[in-house]
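1. can you look at this prediction? I've put the sequence above it.
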Amino acid sequence: AQSVAQPEDQVNVAEGNPLTVKCTYSVSGNPYLFWYVQYPNRGLQFLLKYITGDNLVKGSYGFEAEFNKSQTSFHLKKPSALVSDSALYFCAVKPTGSARQLTFGSGTQLTVLP
Amino acid sequence: EPEVTQTPSHQVTQMGQEVILRCVPISNHLYFYWYRQILGQKVEFLVSFYNNEISEKSEIFDDQFSVERPDGSNFTLKIRSTKLEDSAMYFCASRVMGQGDSPLHFGNGTRLTVT
């Protein structure tokens, strides 16, 4: 069975500082990994994905994530946080080539303080 | 940019009543999904739909739930006899055909409140 762990329910960071939102996963075989963001009263918006190739993937709004196979991690990062980045962030995984649905983590609430 | 639309945005119903949640996926997408999010909890998969049939469903998706694509554009989720614990945000999502690496596009959700 596939699973995702986001160990931090809440992450607070000052505006302008780098941010990291952590994610680890468990899946049979190679993973497809995704990050989504959810603003209040909205659906989930796709940020970025890792399929294959370069371990560092870049996505929307200046976010990036690093795939680490040995640590089974896919942490979301941004060099300089903005107040507008405050939102709920979800990591998700599915096995490569599988028709199975995405499994989401429990979410991490990011608050960027001005 | 095309988007997934869901109606209504908020539905209040009494326990035991039937509800139908409606979704219009992005027009060239072929895979359709329903997820739900109970307040403050994780996003949970309910069902996936492709080629006019269910391709996968979770243990949450019991006999009280059904999905339909009645007219080639709408994708509906029906809950036959609602329970208090069905109160949640229900999200519809769609994606293009592919190897599963294409991202899901989510609607803004329907907040279902069962009283």
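-> Arrived safely. Numbers count the residues shown, from 1 in each chain, chains lettered A, B, ... in the order given.
2. name the element B:Asn28 belongs to?
-> Using DSSP states H and E, B:Asn28 sits within no helix or strand.
3. that one contacts B:Val96, doesn't it?
-> Yes - judged on C-beta atoms under 8 Å, B:Asn28 makes contact with B:Val96 at a distance of 6.5 Å. For the C-beta atoms, the positions are set from N, CA and C on the backbone; glycine is no exception.
4. quick one: contacts for A:His75?
-> Neighbour list for A:His75: A:Thr20, A:Val21, A:Lys22, A:Cys23, A:Ala65, A:Glu66, A:Asn68 [criterion: C-beta atoms under 8 Å, 6 or more residues apart in numbering or on different chains].
5. which residues of chain A lie near chain B?
-> Residues of chain A found near chain B (C-beta under 8 Å from any C-beta of the partner chain) are A:32, A:34, A:36, A:41-46, A:49, A:51, A:90, A:94, A:96-107.
6. now the buried members of those residues.
-> Buried subset of the residues of chain A next to chain B (neighbour count, 16 or more other C-beta atoms under 10 Å in any protein chain shown): A:32, A:34, A:36, A:43-46, A:49, A:51, A:90, A:94, A:100-107.
7. and the pLDDT for the nearest residue to B:Thr5 once chain neighbours are set aside?
-> Nearest residue to B:Thr5 in three dimensions, chain neighbours excluded: B:Val24, at 4.7 Å (C-beta to C-beta, 6 or more residues apart in numbering or on different chains). At B:Val24, the model reports a pLDDT of 96.
8. B:Leu39 and A:Leu88, how far apart?
-> Look at B:Leu39 and A:Leu88: by C-beta to C-beta, to the nearest Å, they are 12 Å apart.
9. compare those two (neighbour count), which wins?
-> Ranked by neighbour count (other C-beta atoms under 10 Å in any protein chain shown), B:Leu39 and A:Leu88 place A:Leu88 first, with 18 against 8.
10. residues contacting that one?
-> A:Leu88 sits next to A:Val37, A:Gln38, A:Tyr39, A:Gly107, A:Thr108, A:Gln109, A:Leu110 when contact means C-beta under 8 Å, 6+ apart.
11. show me the two of the residues you listed that sit farthest apart.
-> A:Tyr39 and A:Thr108 (14.1 Å; C-beta to C-beta).
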